[in-house]
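In: Compute the structure for the input listed below.
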Amino acid sequence: MTRKEVVNDGVLDDDDCEREYSVEDEEYDVTALRRLVKIERLRADMAYAELEKERMASASAADEAMAMILRLQNEKSSTEIEAKQYRQLAEQKQEFLQEVIESLQWDIINLEHERSEMEENLRLYREKLRQYVKSDEVDQFEASGARMNYLRSAMEDGIEDVPNLSLDNMDSSVL
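Out: Okay, here's the model as predicted:
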């Protein structure tokens, strides 16, 4: 009998046992491989989900960063505009104050010039007065003028600040 005949007759030889064992191993290996593939697919899906979550988080962070950049640029722009306005206002104020100072200096020069002219006129009038009046009367007139100036300044400052102010103390020529 040949081997095939024995197999057909129900007698198994060693090759048949190996084939039968191999088929069972193959079935077990296929099931295990399917499980491994399924596990790897789940891992890949989880990795993709995690990757998507990270992508969304980074996109959100980028959006927030861009929003902050835009907000800061707007704040910077408005601050620069405000600073420019303050600078212009300060320059205008400085120009105005410079004009006021120049005007006051001009007024001072004019007043000093007028004062010097008046002092010169006063000197000339005194000389003329001395020609027509006695020197004692000129001295008395100048003294009464000094008292009038004193009274005038006292009136401007306030009468209560003037000591011994009464009509008795005044010379009749002053009144």
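In: Give me the packing partners of the host helix or strand of K84, helices and strands only.
Out: Applying DSSP states H and E as the criterion places K84 in helix 14-132. Applying 3 or more Cβ pairs under 8 Å, 6 or more residues apart in numbering; DSSP states H and E, we find helix 14-132 packed against helix 135-157. For glycine as for every other residue, the C-beta is placed from the backbone atoms N, C-alpha and C.
In: For the helix it packs on, what does the pLDDT average out to?
Out: Confidence for helix 135-157, expressed as mean pLDDT, is 71.
In: same thing with stretch 35-52?
Out: 96.
In: Alpha carbons only: can I get it in CSV?
Out: Below are the C-alpha coordinates for stretch 35-52, written out as CSV (Å, rounded to 0.1, in the frame of the first residue of the first chain):
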residue,chain,number,x,y,z
ARG,A,35,-6.6,40.6,17.3
LEU,A,36,-3.2,42.3,16.9
VAL,A,37,-4.4,44.2,13.8
LYS,A,38,-7.5,45.3,15.7
ILE,A,39,-5.4,46.4,18.7
GLU,A,40,-3.0,48.3,16.4
ARG,A,41,-5.9,49.9,14.6
LEU,A,42,-7.3,51.1,17.9
ARG,A,43,-3.9,52.4,18.9
ALA,A,44,-3.6,54.2,15.6
ASP,A,45,-7.2,55.6,16.0
MET,A,46,-6.3,56.8,19.5
ALA,A,47,-3.0,58.3,18.2
TYR,A,48,-5.0,60.1,15.4
ALA,A,49,-7.5,61.3,17.9
GLU,A,50,-4.7,62.6,20.2
LEU,A,51,-3.0,64.2,17.2
GLU,A,52,-6.3,65.9,16.2
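In: Many thanks, I have nothing further to ask.
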